[in-house]
Structures are given as structure tokens and as C-alpha cells.
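# sequence first, predicted model second:
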Amino acid sequence: MKNIVSEFRDFINRGNVIDLAVAVVIGAAFGAVITSFTNDIFGGILGAIGGKPSIGDLTFTIGEGDIRWGAFLDAVINFLIIAFALFLVIKGINAAQNLAKRNAAEEETEEESEIELLREIRDALVRRD
């Protein structure tokens, strides 16, 4: 039992698990903000155009059933906004990683140039003796 508890503690103490937990909490909060934006602001504007208080209230009736196409449109808009925001975040992360790689490659090139210069100086001193 101690072994399982110890392994679980090690698992939780890894940075990846904590990062994932933070990402889930922030993602849930971001989803709530986007849902509120879509329902309360964007949906209200579209609903007013469609003659309803909210986009989610837009429906059409077939026989006895109501088709709530506004609620579906609401969900699609939420998805598109969140997907675009994630696209921008990933694009930013990739740009930062590429910049870091480029900087590392430049530093490596500078170090190689310095090493080559030192070799040339050494060889010149050896030839001079």
C-alpha cells in the first residue's frame, strides 16, 4: 500500500499533471466566458435581428415538434470561437519555440566560429615556433 501511495505522490508531483490541471481549470473558465459572450452578447444581437430575445430561442416548427436551430447555432459559434482562440495560442507557442530554436542555433554557430578562430590562432602559433 505504501508503494502505491508513494507512486501516486510521485505522479502528482510531476509538472505535467499540475500543468494539465491548471489547463483544464483555465479551459473551463474560458469556455464559460465564450458561452456567455455567445449567449449574452452575440446571441442577443442575432436574436434581436431574428425577433427573439436570444439566439438560442430561435426555432421553427414541423408538425408538433420544435427544431431549436438557434441553440445549435449557438453551440457552433462557441466551438468556432474556442477553436480560433486555441489556434492563436498554438500559433504563438510555435512561434516562441521556433525563435528559441533559432537563437540556440545562432549561439551554437557563434561558439563554433569562436572555436574555429581559436584553432586558427593555435595553428598559427604552432607554425611560428
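Noted; the coordinates are in hand. The structure displayed is predicted, hence computed values, not measured ones.
# for the rest of this, base every contact and every neighbour count on C-alpha atoms.
Will do.
# ok but Asp66 is inside a strand, no?
Yes - membership of Asp66 in a strand is supported by DSSP: H, G, I helix; E, B strand; the rest coil.
# and the residue found closest to it once you drop the neighbours it is linked to in the chain, bridged to which residues?
Counting by C-alpha to C-alpha, 6 or more residues apart in numbering, Asp66 lies nearest to Phe60, which is 5.7 Å off, once chain neighbours are set aside. Phe60 has these beta-bridge partners by DSSP bridges: Ile67.
# tell me what whichever helix or strand Gln97 is part of is packed against?
Gln97 belongs to helix 69-128 when assigned by DSSP states H and E. Judged by 3 or more C-alpha pairs under 8 Å, 6 or more residues apart in numbering; DSSP states H and E, helix 69-128 is in contact with helix 15-36.
# who touches the lowest-mean-pLDDT helix or strand in the chain?
Here the helix or strand of the chain ranked lowest by mean pLDDT, DSSP states H and E is helix 43-50, holding a mean of 76. When contacts are defined by C-alpha atoms under 8 Å, 6 or more residues apart in numbering, helix 43-50 is touched by residues Phe37, Pro53, Ser54, Ile55, Gly56, Asp57, Leu58, Asp74.
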